[in-house]
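**Q** have a look at this prediction, sequence included:
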Amino acid sequence: MKVGMIASHYPHASHREEFIARVHQVAEVFLGAPGCLSAECWLSDDAVISIVQWESEEACAASLVAVQAAEVDLAYDEREVRPREIVRVVAG
């Protein structure tokens, strides 16, 4: 069963472009993991939104491990206005 994750990030305006680049870097790591079907960066007025889709829960778990092991900036810190909102979804 396909699974996905939608993460909304809220960077300060002064860090928006940097944050978009960070999301693209993480997406590249996800896309390199077996079973990752897509990883995209979307934008709204106040958020940078990452949407990732995997072929299975196992593929999701494996690629999350790969992202944690990669040398990409995942830190939540003062560059963000408010906490991230992360929603896990499954295909219906």
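**A** Now that the structure is in, tell me what you want to look at. Numbering: from 1, shown residues only.
**Q** show me the strands in this structure, by range?
**A** If DSSP state E is used as the criterion, the strands of the chain fall at 3-11, 36-43, 48-54, 80-90.
**Q** the top helix by length along the chain: which residues count as buried?
**A** Secondary structure assigned by DSSP state H gives helix 16-31 as the longest helix of the chain. Applying a neighbour-count criterion of 16 or more other C-beta atoms under 10 Å, one finds 16, 19, 22, 23, 26, 27, 29, 30 buried in helix 16-31. Backbone N, C-alpha and C define where each C-beta goes, glycine included.
**Q** contacts for stretch 66-74, please.
**A** Identification of contacts with stretch 66-74 by C-beta atoms under 8 Å, 6 or more residues apart in numbering yields 22, 25, 26, 29, 30, 32, 33.
**Q** go with 6 Å
**A** If you take C-beta atoms under 6 Å, 6 or more residues apart in numbering as the criterion, stretch 66-74 is touched by 22, 25, 26, 29, 33.
**Q** quick one, what contacts residue 9?
**A** By C-beta under 6 Å, 6+ apart, the contact set of residue 9 is 48, 84.
**Q** residue 35 versus that one, what's the distance?
**A** Here the criterion is C-beta to C-beta, to the nearest Å. By it, residue 9 lies 24 Å from residue 35.
**Q** sorry, back to before: can the strands of the chain go into a markdown table with extra columns for mean pLDDT and distance to residue 62?
**A** A markdown table is the format used below for these (pLDDT from 0 to 100; distance: least, C-beta to C-beta, whole Å):
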| stretch | mean pLDDT | distance to residue 62 |
| --- | --- | --- |
| strand 3-11 | 97 | 12 |
| strand 36-43 | 97 | 9 |
| strand 48-54 | 97 | 9 |
| strand 80-90 | 96 | 15 |
